[in-house]
Every structure is written in C-alpha cells, then in structure tokens.
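*Asks:* I would like to see how this sequence folds:
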Amino acid sequence: MIQQKSPIFPHGLRQIGGTVVLAIAYYGMAEISRHLASTPQNVTPVWPPDGIAVGAVLLFGNWIGYGVFLGSFLANFWAFRDPTSFLSLVISTLPILLIAIGTTLGTLLGAFLLRKTTNLRYPLERVTDVFKFLILTGMVGPIINATVGVACLALSGKVPWTVYGTVWLTWWISNVSGIFIVSPILLSWGQFIQKNRHPIWQWLSLSSTSEDSENLPHLRHSRVNSHPLKFWLIVESVILMGLVILISKVAFGEGYHLEYMLIPMLIWSAFRLGQPGATLLTFIVAAIAVIATVNGRGGFVTADLNQSLMQLQSFIGVITLTILVLTATIAERTQAETKLRLAFAELARTNETLEVRVQQRTEELNQKNTTLQQTLQTLKRTQLQMLHSEKMSALGQMVAGVAHEINNPVSFINGNLTYLSEYFQSLLRALQIYQQQYPNPPQALHAELDKLELDFLREDMTKILQSMQIGTERISTIVLSLRNFSRLNETGLKAVDIHQGIDSTLVILQNRLQATADRPQIQVIKEYGQLPLIECDAGSLNQVFMNLLSNAIDALEESNQGRSFQDISANPNTIWIQTRQIDTNQVMIMISDNGTGISKEIRSKLFDPFFTTKPVGKGTGLGLFMSYQIVTQKHGGNLSCNSTLGKGTKFVIEIPLKAKRIA
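*Replies:* The predicted model follows:
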C-alpha cells in the first residue's frame, strides 16, 4: 500500500495561512476595483472581491469564511472609517463589522444552497448546475450582503434612507457582476488543476481543451506528434487573446459599436481553450468594458449613469451566461462521449472476456468430452474383456469337460485294445495249433470254418485292431491339444513352450486345413527358431494364435473364389509360421499367408472393436480386437499387420520373455 506523504505544515497553520491570503486578496482586489472602476459618484459597477470570496468558499470550504470576513472588514474599514477621534473611529467600526458579517453570511448562504442543490458536484459542468450557480450563489447570496451593507451605511448616516433602494440595487448588482466574472475563473482553474495536476504547457498541448483530461493519457503515448500541435495551439491562443483585446479596445476605447464581435471570439475560446480559457477571456472583456464605461468611453455610456451601468451589467451578464452555458454544454457532451467510449471499451472488454470464457468453457467441455470418451472406450474395452474372459472361461470349462469325458472311455478302449490284441493273437495261435494237430476235422466243422473264412478273418481282424489303435491315439492327441490350448490347469503367468501352443492350435484347425472337393490341402510351413520358455498367459495367447490362423484360412478361402482346382494346385494356399528371438528379452511370431491381402483403409480399423469385413453370422469383430488387447495389455507386447493387396498378409507378434502387464 502506498503511504501518502504528510503535509509540510499542520492543518491549523494551513487554515490560518489560507485565511490571511484570502483576506489580502479580497482587500487588494477591492482597492484595485476602487482605483480602476469607480465612477465619479464613487460607485463601483463590479465588485470582484465577492467573486473571490465565493470562489474560495466553494473551493476550500466554509472554514475560509474567516478570510472573507477579515478581507471585507479591511476593505470597508479604509473606505468608511472616521479618523477624527478614537471614539468616532470605534463607532464607525461597528457598521463595518456588520457589513463584514453580512458579506460572510451571504457568501456562506450562496455556497450552502449551491452545494445542497448540486450534491457537492462541480457547479459549472452541467447546464442546470450553471443556472443554480448563477441564481443561488450569484443572486440570492448577495441579497444578504447588500441588505446588511446598505442598512449599516444608512444607520451610520453615510447613506440617506431615501436612496436606500437605489444604493441597494447598485450594491447587489455590483456583487452579482463580481461573482459572475470572477468566481467561474477560480472554480474552472481550480477544477482543472485538481483534475489534471499537469503543468500548463501540457494543457496547452491538447488538441481540444474541452477534452483536456481525457487526452492527457493519450499525450504520453504520442509526444512526437504533439509538438507541432503545441506550437499551433499556443499561437492560436495568442491570436485569440490579441483579437479579444483589440476588439475590446476598439469597441470600448474608440466608441465603435463592435461589442457583438466579441461573442464569436468568446465562443471560439470556449471550444478551443475550454472553460478555464473562456472564463479568463470573459473576465478580460468585462474588465475592459467596466474600466471604459466608468471613464466615459464605449458604447454603453449615456447621460444617465444608472442607464450606463445597467447596459454594462446586462452585457456582462449576457456574455457570462453565454460562455458558462456553452462550456457546460461542451463539458456535458465531452462527458457523455467519454462515458460512451468507456461503455464501448467496457463492452469490448466484456466481449473479449466473454469470448475467453466461452473458449475456456469450450476447452473444458472438449476436455471433459475427451475424458468421457476415453472413459467410455475404457468401459467398452473392460466390458469386452469381461465378456471375452467369461466366454473363454465357459469355453475352457466346456472343452475341459468334453476332453475329460472323452478321455476316460478313450483311455479305457485304448488300454483294453492291447489286451484284446493279445487275446486275439493267442486264439489265432491256438487255432493254428489245433489245425496242425487235427488236419482233417469233421465235415460239419470244416463247413463252418469255410463259412468263417478264417484266413481273411485273421488278416482283417489285425487291421481292425490297428485302426482302432490309431483312432484312439488320434483322439488322445486331440484331447491333449484341447487341454494344451485351453491351459485350464495353469492359472496366471507360466513359463511355457510357445511352439506347443501353436501346434495345439494347428491340431484343432486340422479339419479346415485338409483338402476339400474345391481345393487341395492348405500347406503350413513352420520355421521355428530356438526359443526359450516364455512366461505368458498360455491360454489367452493360444487364443491369439487361433484368431490369426483362422483369419489366414478365411483369407485363403476368399482368394480361392473364382479359381479352379488346378489353378489352386499350381499356386497352392500356404500359411507360414516363423518364430525367432530378436533380442535378449524379446521374441517374434510371424503368421503370414498368400491370400487376397488387406487395403490400407481397412488396416487402420483392424483392431477396432466390432469391426469386421466378414458377412453377418461369420464374424463378430472382436477377434483381432481381443488379440490386440491380449498382446499389448496383458503381455506388454505389440501386434502389427503388414499387407499388400493381391499378395498376402503378415501379422507380427512381439512379446517379451517375461510378460509386462499394462492393464
């Protein structure tokens, strides 16, 4: 917080100094007025000290009324004292004190009424306030001054009671004229200094003094351009001052009736010099008119002094009223323009702030929308993963149950086939020995043996047993592959042989790889590298192999459409499976085919959920999506696709030797 500097002089001392200065100014102006503007009848048509008193009270407050009292006492003491004796001096002092009191009371009353009606506003900035100033302060206040003053002079015998009304009117008019021409100068210049607090040369640099306070900030930013403007405005002020003095001299000194020529000059000053300059020029014109009139020169001089003074007072009142109303109108217009500019600036700031707030709100909404979309995508992925996990769990349990139920009778059959084969061989050996011992059986037995075709039965029974043995071994292999594929007996991450999972998947898909009536068998070329055991979720990884190999078979079958058996035989359908270790902690599995390939537009959507190019009922769009989630999220690896239309597709799986779960 900025601390204000303490005043150099105490408050009481400053008040005393202000009172003394005002008293001296009041007394000095009174003496100058008597010397320059007194008629041969000792009448002063304009009394500027009252204008000084009113201006000082309005500027500084009622406390300076002591200076008004002291100045009025001094001014009237030297004019109305009776120095013949001490007693007469004391007696003559009493009405002088009453005159000073009346002057002070009139001044304070006018200031009070003006402040009350204008709510302590600057009284010359509005047209209505100007009329309040002229009526309440300029006309009502001097009534007390004139009434008390003339009454005191009449009581003291200095003025006859018969001319009380004439003297009262002259006194009142002189006070009104003084207030009209002097108080506006003090008020306007005091307001200007208080409002701007800038040197006079800065004020003179303004392009239009009616907008002085608004243009001063702009002046700081355009000093280079303001130097020529300063010069021309100073020249304009000098020319205007010279023209006013010249016309006044000609009109009031030479006796030419050119007083009306002063009106355009004063209006010019109102627009170009503002209220301070216009009131100053008005004072100069009034001073020249008063001095010329009381000295018997100018267009207002007539044989009747009162008529001359009335014409002079009318002229002073008209030019004062015109200039004050005009400057107040200009000030009101300037204030309205300033408020309008401020309103537009505030509107612009509001619009800018509103735009910023709208932009911020839009960004917040976009951010929330993005977060919501991410949450929704995460929720969808989680839901799909839960559905897939539940599906795989149910499928695994079903596979395990089927495998268990099949495995038991197959094991029973396979185990008993060995004994059955031994028993059959034993019977054949016993029969052979029987034939050797009894080469000529009875006719009925011989006919029965011929009907049995014993040699054929011996040979065919052996083949049947061998086929049954192969079939049960095949069933056992499939059951083992199913168990290896589902890995239900292994939970979590386990170190497994990845080749075993691929082979188990191929066993399950064997029926789709075999030859059909439309195409030869799909060739599977395995190029396995030397891989260590890989720590992974074997069941879910086998599902990835299943999805990729199934898609490869689908792509090959799609590429066979419109091709003949011979054409396919010449360019057989082939699936390549390659594995190798690419670094110390990374292995790669590539599954490629020579099918139709995938376009670039489709490749960008391959791993999106529910995206599929298969007909309705043949694909859900979850296979590759879940495969990507399993490889990237569950194992911390990467799944990518490279494809060329008409040549084939390659899927590359990269997983670490030890899975790094991301989610």
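
*Asks:* Now do the contacts for the closest residue to residue 161 other than its chain neighbours.
*Replies:* Nearest non-adjacent residue to residue 161, counting by Cβ to Cβ, 6 or more residues apart in numbering: residue 154, 5.2 Å away. C-beta: built from backbone N, CA, C; applies to glycine. Contacts for residue 154 (Cβ atoms under 8 Å, 6 or more residues apart in numbering) come out as 160, 161, 164.

*Asks:* possible to save these as TSV with distance to residue 440 and secondary structure?
*Replies:* What follows is these, written out as TSV (distance: Cβ to Cβ, whole Å; DSSP: H, G, I helix; E, B strand; the rest coil):
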residue	distance to residue 440	secondary structure
160	201	coil
161	198	helix
164	194	helix
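
*Asks:* neighbour-wise, which of these leads?
*Replies:* Highest neighbour count within those: residue 164, with 15 neighbours (other Cβ atoms under 10 Å).

*Asks:* From what I see, that residue and residue 149 are in contact.
*Replies:* No. Between residue 164 and residue 149 there is no contact under Cβ atoms under 8 Å: 11.1 Å.

*Asks:* Turn the contacts of residue 154 into CSV, including pLDDT.
*Replies:* Formatted as CSV, the contacts of residue 154 follow (pLDDT from 0 to 100):
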residue, pLDDT
160, 86
161, 86
164, 86
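
*Asks:* Need those residues in a markdown table (columns: distance to residue 94).
*Replies:* Formatted as a markdown table, the entries for the contacts of residue 154 read as follows, by distance: Cβ to Cβ, whole Å:
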| residue | distance to residue 94 |
| --- | --- |
| 160 | 19 |
| 161 | 18 |
| 164 | 19 |
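
*Asks:* Which member of those is positioned nearest residue 116?
*Replies:* residue 164 (30.9 Å; Cβ to Cβ).

*Asks:* secondary structure element for the most centrally placed residue in the chain?
*Replies:* In the chain, the residue lying closest to the centroid (Cα atoms, centre = their mean) is residue 356, at 2.5 Å. Assigned by DSSP states H and E, residue 356 belongs to helix 305-437.

*Asks:* Also compute the angle for whichever helix or strand comes after that helix relative to helix 305-437, please.
*Replies:* Downstream of helix 305-437, the next assigned helix or strand under DSSP H and E is helix 443-452. Orientation check (axes from the mean of the first three to the mean of the last three Cα atoms, to 10 degrees): helix 443-452 against helix 305-437 gives 150 degrees.

*Asks:* do you know how far the nearest residue to residue 282 once chain neighbours are set aside is from residue 266?
*Replies:* The spatial neighbour of residue 282 that comes closest, neighbours along the chain excluded (Cβ to Cβ, 6+ apart), is residue 323 at 5.1 Å. Distance of residue 323 to residue 266, given as Cβ to Cβ, to the nearest Å: 5 Å.

*Asks:* any shared contact partners between the two?
*Replies:* What both residue 323 and residue 266 touch, as defined by Cβ under 8 Å, 6+ apart, is the set 278, 282.

*Asks:* where do the helices sit along the stretch 501-650 of the chain?
*Replies:* 510-513, 538-559, 565-570, 600-603, 623-629 (DSSP state H, counting those that start in this stretch).

*Asks:* mind giving me JSON lines with the ones you listed and columns for mean neighbour count and mean pLDDT?
*Replies:* Putting those into JSON lines (neighbours: other Cβ atoms under 10 Å; pLDDT from 0 to 100) gives the following:
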{"stretch": "helix 510-513", "mean neighbour count": "12", "mean pLDDT": "84"}
{"stretch": "helix 538-559", "mean neighbour count": "22", "mean pLDDT": "86"}
{"stretch": "helix 565-570", "mean neighbour count": "12", "mean pLDDT": "88"}
{"stretch": "helix 600-603", "mean neighbour count": "11", "mean pLDDT": "80"}
{"stretch": "helix 623-629", "mean neighbour count": "22", "mean pLDDT": "81"}
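
*Asks:* Out of these, flag the one nearest residue 329.
*Replies:* The nearest among the helices of the stretch 501-650 of the chain, by Cβ to Cβ, is helix 600-603 at 75.5 Å.

*Asks:* Restricting the selection to alpha carbons, write the closest one to CSV.
*Replies:* Written as CSV, here are the backbone C-alpha positions of helix 600-603 (Å, rounded to 0.1, in the frame of the first residue of the first chain):
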residue,chain,number,x,y,z
LYS,A,600,-4.8,-49.5,-46.3
GLU,A,601,-8.2,-48.2,-45.2
ILE,A,602,-9.2,-51.5,-43.6
ARG,A,603,-5.8,-52.0,-42.0
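
*Asks:* Quick check: nearest residue in space to residue 659, chain neighbours excluded?
*Replies:* residue 635 (4.3 Å).

*Asks:* Give me the pLDDT for residue 202.
*Replies:* What the model reports as pLDDT for residue 202 is 47.

*Asks:* same question but for residue 531, I mixed them up
*Replies:* pLDDT recorded at residue 531 is 90.

*Asks:* Can you pull the phi/psi pair for it?
*Replies:* Dihedral pair for residue 531: phi -110, psi 140, per degrees, to the nearest 10.

*Asks:* from memory it sits against residue 582, does it?
*Replies:* No. Using Cβ under 8 Å, residue 531 is not in contact with residue 582, being 10.8 Å away.

*Asks:* Looking at the two, which one has more neighbours?
*Replies:* residue 531 (16 against 10).

*Asks:* Spell out which residues sit in contact with the more buried one, please.
*Replies:* Residue 531 neighbours (Cβ under 8 Å, 6+ apart): 497, 498, 499, 579, 580, 581, 587.

*Asks:* If any of the residues you listed are buried, give me the ChimeraX selection for them.
*Replies:* The ChimeraX selection below is limited to those of the contacts of residue 531 classed as buried (16 or more other Cβ atoms under 10 Å):
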select :498,499,579,587
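
*Asks:* Next, the angle helix 305-437 makes with the helix or strand where residue 189 lies.
*Replies:* For residue 189, the host element (DSSP H and E) is helix 164-196. On the basis of the same axes, to 10 degrees, helix 164-196 is oriented at 30 degrees to helix 305-437.

*Asks:* Pull the contacting residues for residue 52.
*Replies:* 22, 25, 26, 29, 182, 183, 186.

*Asks:* What is the helix holding residue 356 packed up against?
*Replies:* Judged by 3 or more Cβ pairs under 8 Å, 6 or more residues apart in numbering; DSSP states H and E, the packing partners of helix 305-437 are helix 127-132, helix 164-196, helix 262-272, helix 274-294, helix 454-486, helix 538-559, helix 623-629.

*Asks:* Reformat these into TSV and put distance to residue 90 next to each item.
*Replies:* Putting those into TSV (distance: least, Cβ to Cβ, whole Å) gives the following:
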stretch	distance to residue 90
helix 127-132	41
helix 164-196	25
helix 262-272	48
helix 274-294	33
helix 454-486	134
helix 538-559	126
helix 623-629	118
